[in-house]
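Undergrad: The sequence and its predicted three-dimensional model are supplied below.
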Amino acid sequence: MRQAGLFGLSDQLKRLSDCGDPLETMGRVVDFEVFRPALEEALAYGDGTRGGRPPYDPLAMFKVLILAAQNTVSDARMEFLIRDRLSWLRFLGFDLGASTPDENTIRLFREKLTRADALDALFAAFDRQLRERGYLPMGGQIIDATLVAAPKQRNTAAEKEAIKAGKSATDIWSDQPAKAAQKDTDARWTLKFAKGRPLPGGRPGIDIAIPSFGYKSSIAICRRYGFIRRGKVTDGARFDGRMLRDVVTNDNTASDVWADTAYRSRSNEAWLKSIGRVSRVHRKKPKGKPMPARTARANAAKSTVRARIEHVFARQKDQMALFIRTIGIARAETKITLANLAYNIDRLIFHERRAAMG
């Protein structure tokens, strides 16, 4: 191949810009410098007096994680794509032909952030940027949870009982360290219920219970802008209603809280009232009685609002292909929080583009 000169590279980058490079738009819309203080505090890099190769810019490495979350690629694939794509090199700030992070560097960087428990601080830093730009939590908040699948575990009955008893993988498979390293004892099995389609003649369909294994992502979004304002990651068996107090925020300008029937209980209703929130949680069908028409209409009206949170989960699972391939809840929390942050970044770009057009 004929080697491209400096002007040829410049022309190629200009063509990328003229075609509407989405990463250039992201770099223009998002102030990534807001993440630097939290990154530097979590990583605690030395001053270089001990020698050795200096680390990559932490902000560039954090952008690598965002790109990986948006495009659903492994660390090995990220290593290749960074070297292969000019638009990615430009967005990350790496020079063509210069050293770029390999898959081990990317993995170790993510591990450092996980061990430092830094993802919540990074998520909060972006939320502050949203507020400073006028995207305040308003219109009330919508609560829901989704199961994020993980590779299924094939364990014996005795091993399952040991996991439920709280034993670690190294305790259960003490004589098989390689096997223990591949066992996730934090994820749990649960049942997902799918509504059956109506049968011919108007008869109700049969609901289906689907066993699923993984972790549960509970989130709260603001109704006005659709940003994820708070999230919590648990094992897949955690009951949705127990997570209400972990995700409801007290800073939304409107007091309404929408959620499905899993979140309705006397204690949750009393708690919402005690913090000045107005419950818009779906009401349950009375046992052994038909659903009152008035309640059914009220639930239908609530569903038109609550359905907006399903768009978040659809975006993460369908377009971002969110799936947990790591071991342990700490890494799963990092993966899901990065997905939540990547979604918020995409949402900000959407709002800014719409504002520019209007």
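TA: That came in fine, so what should we check first? Quick caveat, the model's predicted, so the values are computed rather than measured.

Undergrad: which non-adjacent residue is nearest residue 91?
TA: Leaving aside its chain neighbours, residue 91 sits nearest to residue 23 (3.9 Å; criterion: CB to CB, 6 or more residues apart in numbering). Bear in mind the C-beta positions are built from the backbone N, C-alpha and C, glycine included.

Undergrad: Touching, that neighbour and residue 88? I think so.
TA: Yes - using CB atoms under 8 Å, residue 23 is in contact with residue 88, at 6.8 Å.

Undergrad: Now do the shared contacts for these two.
TA: Shared contacts of residue 23 and residue 88 (CB atoms under 8 Å, 6 or more residues apart in numbering): residue 67.

Undergrad: which secondary structure element contains residue 332?
TA: helix 329-357 (DSSP states H and E).

Undergrad: for that helix, packing partners?
TA: Contacts defined by 3 or more CB pairs under 8 Å, 6 or more residues apart in numbering; DSSP states H and E place helix 329-357 against helix 22-29, helix 58-71, helix 103-115, helix 119-132, strand 208-222, strand 228-235.

Undergrad: Dump these to TSV, plus mean neighbour count, mean pLDDT and distance to residue 10.
TA: Formatted as TSV, those follow (neighbours: other CB atoms under 10 Å; pLDDT from 0 to 100; distance: least, CB to CB, whole Å):
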stretch	mean neighbour count	mean pLDDT	distance to residue 10
helix 22-29	15	94	14
helix 58-71	20	96	21
helix 103-115	17	96	28
helix 119-132	17	96	31
strand 208-222	20	92	42
strand 228-235	22	97	38
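
Undergrad: closest to residue 140 out of those?
TA: Residue 140 lies closest, by CB to CB, to one member of these: strand 208-222, at 7.6 Å.

Undergrad: Show me what that closest one pairs with in its sheet, parallel or antiparallel.
TA: Next to strand 208-222 in the sheet, as set by DSSP bridges, lie strand 141-149 (antiparallel), strand 188-194 (antiparallel), strand 228-235 (antiparallel).

Undergrad: number of nearby residues for residue 201?
TA: As a burial measure, residue 201 scores 5 neighbours (other CB atoms under 10 Å).

Undergrad: If you could redo that for residue 166, that was the one I meant.
TA: Residue 166 has 8 nearby residues by other CB under 10 Å.

Undergrad: returning to what we had before: gap between the residue nearest to residue 91 and residue 348?
TA: In this view, residue 23 and residue 348 are 14 Å apart by CB to CB, to the nearest Å.
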